[in-house]
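sequence and predicted structure below; questions after.
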Amino acid sequence: MGLFDFILGKGKKVAEPAAPQAHQVSPEELQKLRNAKRAEALVKEVEALELGIEELKVEVDGAQAIVFGKAPTQAAREKAVLAIGNTDIIEKVDDRMEVVAVEAAAVFYTVKSGDTLSKIAKEFYGKAMAYPKIFEANRPMLTDPDKIYPGQVLRIPDVEPKS
């Protein structure tokens, strides 16, 4: 799918790994350890969603994540990218996953201040009452249609991308 931008510092809080004793590790080794721990935490985030992604692997370099694996559907692939990117430690996600059942990609939308799912549905589908379609497309990451925040990136399914 490619490279996706997110807002660093927004989103679900991911626990930072405890730093080892400073005298035992060089700054480069400390960064490698931090990246490995972040990657491990992100894999757990995606696995908790039970999306059925096989051979899931995440590599982290600073605030960028590269995700590999075999997703059963395009929706599962997109949800994994969003789960990784909508954390407070990731700014970019490089999606290198394969999809078993290829289908049309959804549009990604970054929530702005004042947005609601109804307002977003009105913009993309022409009617505010279509918000459940957006909510369902973002489950299980979203647990309540009223709990979205500025900077969060959502899947908007069944829409032609704007040129």
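Alright, I've got the coordinates.

outline the domain layout of the chain.
Domain assignment for the chain, taken from automatic domain parsing, gives 1-104, 106-163.

by mean pLDDT, show me the worst of those.
Note on those: lowest mean pLDDT is at domain 1-104, with a mean of 88.

report the central residue of the protein.
In the chain, the residue lying closest to the centroid (Cα atoms, centre = their mean) is residue 82, at 1.8 Å.

all the strands of this structure, residue numbers only.
Per DSSP state E, the chain carries strands over the ranges 2-5, 54-61, 64-73, 92-95, 98-101, 107-110, 153-156.

export these as JSON lines, with columns for mean neighbour count and distance to residue 146.
Using the backbone N, CA and C atoms, a C-beta is placed for each residue, glycine as well. Below are the strands of the chain laid out as JSON lines (neighbours: other Cβ atoms under 10 Å; distance: least, Cβ to Cβ, whole Å):
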{"stretch": "strand 2-5", "mean neighbour count": "13", "distance to residue 146": "25"}
{"stretch": "strand 54-61", "mean neighbour count": "16", "distance to residue 146": "30"}
{"stretch": "strand 64-73", "mean neighbour count": "19", "distance to residue 146": "27"}
{"stretch": "strand 92-95", "mean neighbour count": "20", "distance to residue 146": "26"}
{"stretch": "strand 98-101", "mean neighbour count": "14", "distance to residue 146": "31"}
{"stretch": "strand 107-110", "mean neighbour count": "16", "distance to residue 146": "17"}
{"stretch": "strand 153-156", "mean neighbour count": "21", "distance to residue 146": "14"}
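
can you list those in a markdown table and add distance to residue 28?
A markdown table is the format used below for those (distance: least, Cβ to Cβ, whole Å):
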| stretch | distance to residue 28 |
| --- | --- |
| strand 2-5 | 25 |
| strand 54-61 | 12 |
| strand 64-73 | 17 |
| strand 92-95 | 21 |
| strand 98-101 | 32 |
| strand 107-110 | 33 |
| strand 153-156 | 31 |
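
of these, which is nearest residue 27?
Closest to residue 27 of the strands of the chain is strand 54-61 (Cβ to Cβ; 14.8 Å).

got the angle for the closest one vs strand 64-73?
Using axes from the mean of the first three to the mean of the last three Cα atoms, to 10 degrees, the inter-axis angle of strand 54-61 relative to strand 64-73 is 170 degrees.
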